[in-house]
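# just the structure for this:
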Amino acid sequence: MSELFSDEWMMNFQTVWNADAGIAGELEKIGFKSTIGYGFKGDEKPLGVIVVEGGKGISAGAYNGEELNWDLRADKPTWEKWITKPPGMMGLGMAYTSKKLQFLVGDYGAMMKDPRMAGPFIKSFAAMGKA
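Sure thing, here's the model as predicted:
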């Protein structure tokens with residue numbers, strides 16, 4: 001397995017994302033378009049990024065200064081735990097309120113209130129385990 005959020009890992013994540021109808025298919029229905037960064041708490045910038053248009057990842061790799069719509073951060077042990085045992089809605093809610101999961105950019109509350117986005121977001125954590 002390649003290093004978490006590395007260029008190779010992010011490209012694998014994009015492939016898994018696009019193959020999952022519960023993510024890409026559902027987000028396609030709402031015309032979801034975003035640039036999403038992933039990284040570790042305390043780092044100046046994210047490590048990896050996926051660019052999504054029409055629900056599908058169109059590019060992914062190491063972060064290279066892209067303007068982000070979402071920037072998700074957690075510490076490395078938390079990400080590794082979620083990759084082996086993806087959190088559900090309750091687990092993500094608790095992680096967010098306890099600041100284990102931080103959104104440096106993006107509105108977690110608004111997203112979770114919209115089931116068209118919340119479901120695919122939760123499923124994206126399971127996809128990480130397949131990247």
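# so what touches the helix or strand bottoming out on mean pLDDT in the chain?
Across the helices and strands of the chain, mean pLDDT, DSSP states H and E gives its lowest value to helix 108-112, namely a mean of 86. Contact with helix 108-112 is made by M89, L92, G93, Y96, L101, M117, A118, F121, as judged by C-beta atoms under 8 Å, 6 or more residues apart in numbering. For glycine as for every other residue, the C-beta is placed from the backbone atoms N, C-alpha and C.
# let's go with 10 Å and repeat that
With contacts defined as C-beta atoms under 10 Å, 6 or more residues apart in numbering, helix 108-112 is touched by 70, 72, 89, 92-93, 96-97, 101-103, 117-118, 120-122.
# can you flag which of those belong to helices?
Per DSSP state H, helices hold the following members of the contacts of helix 108-112: M89, L92, G93, Y96, T97, M117, A118, P120, F121, I122.
# tell me the contacts of the first one?
Remark: with contacts taken as C-beta under 10 Å, 6+ apart, M89 is in contact with M112, A118, G119, F121, I122.
# of all those, which comes closest to E3?
F121 (23.3 Å; C-beta to C-beta).
# skipping adjacent residues, who's closest to the closest one in space?
M111 (6.2 Å; C-beta to C-beta, 6 or more residues apart in numbering).
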